[in-house]
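Trainee: can't give you the sequence, but here's the structure:
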C-alpha cells in the first residue's frame, strides 16, 4: 500500500533527534513520498537543505498567515526569488503553506488577504499548485480563488468544511487534504462530509508534528502514522484502506506531476 504524505513540517526541531530513523520507518510502512512546507522566510533554507538530502522529499515555500507579524515586506520578494531560482526543479512542488486564518482574532484580516493574494499570484506566475491553510475562512478563500483561477489548483489542508464548500473547492480544481482530525469520535459533522466526498478529490496528510489522530493521542504526529490514518478514514468513508490509498496517492501524483508508483 503506497501512501504520500502531502503535508508535513519535518524540518521542525521536533524531529531533530530521530528524523532519519523516522523517515526510514515511514518508508518501511509504505509512505513513499512526503511534502515539507515552509511557513516563514527563516525556515525556507532549512526545508530545502532537508529535501536535498532525500530525493523522495519535496518542498513548498510560503508565508503562513499564523506568522503574519513575523513576515517582513521584503519576504514576498524573496519568495519570488526562491521560486525563480528553483523553477523546474523536481523537488519544488508548490507554493505553501499560505492562506487565511480567521480563528486567531489578533491576525489582521486585510494584511492576511493582501499577503494571500500576492502568493496566489506567484502560484499563477510559476504554474505551481497552492497548499492552503483555511481556518474559519472558507467563504473568503473560495471568493479569492474564484478570482485567481489557479490552473494547477492545489490542496485545502486539513479540510473541515461543509459539503457545499467541498464542492466549490473541487470545482476550482483543488484536492481536499484529510488527516487526523476526522479520526476523533467527536468530529461527527466532518465524518458525515467525508462519507460523501468523491475519491478523486482527496489526498492524505499528517501535518506532522501536529494534528495527531485519535489512535495516538497526545503524541507527536509523524508520517509513520499515515497508514493508521488511512485505515481509520477508509472505515469512516466505508471503503477498503487499499482503495483510499490508491485514490489519494494517484490524486497527489496527478496534482504534483509525479509519476505513479513507488520511486
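Mentor: Yep, it's here. A quick note: this is a predicted structure, and the numbers were derived from the prediction, not measured. Numbers count the residues shown, from 1 in each chain.
Trainee: what's downstream of the longest strand anywhere in the chain, the next helix or strand?
Mentor: Longest strand in the chain by number of residues (criterion: DSSP state E): strand 92-101. Moving toward the C-terminus from strand 92-101, the next helix or strand (DSSP states H and E) is helix 109-125.
Trainee: and that next one, how far from the chain's centre?
Mentor: Centroid separation for helix 109-125 versus its chain: 17 Å, with C-alpha atoms, centre = their mean, to the nearest Å.
Trainee: right, and the helix or strand after it?
Mentor: Where DSSP H and E defines the elements, the next helix or strand beyond helix 109-125 is strand 130-135.
Trainee: who does that next one pair up with?
Mentor: Next to strand 130-135 in the sheet, as set by DSSP bridges, lie strand 92-101 (parallel), strand 154-157 (parallel).
Trainee: so what touches it?
Mentor: Strand 130-135 is touched from outside by 6-7, 35, 37, 60, 62, 64-66, 94-104, 119-120, 123, 141, 150, 153-159, 161, 174, with contacts defined as C-beta atoms under 8 Å, 6 or more residues apart in numbering. (Glycine included, C-beta is placed from N, CA and C.)
Trainee: before we move on, back to that, could the strands paired with strand 130-135 go into CSV alongside mean neighbour count?
Mentor: Output for those, formatted as CSV (neighbours: other C-beta atoms under 10 Å):
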stretch, mean neighbour count
strand 92-101, 26
strand 154-157, 28
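Trainee: in TSV, list the ones you listed along with mean pLDDT and distance to residue 214.
Mentor: TSV is the format used below for these (pLDDT from 0 to 100; distance: least, C-beta to C-beta, whole Å):
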stretch	mean pLDDT	distance to residue 214
strand 92-101	98	24
strand 154-157	98	19
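Trainee: so what's the closest residue to residue 132 other than its chain neighbours up against?
Mentor: Nearest residue to residue 132, sequence neighbours excluded (C-beta to C-beta, 6 or more residues apart in numbering): residue 99, at 4.3 Å. By C-beta under 8 Å, 6+ apart, the residues touching residue 99 are 64, 65, 116, 132, 133, 134, 135, 137, 141, 157.
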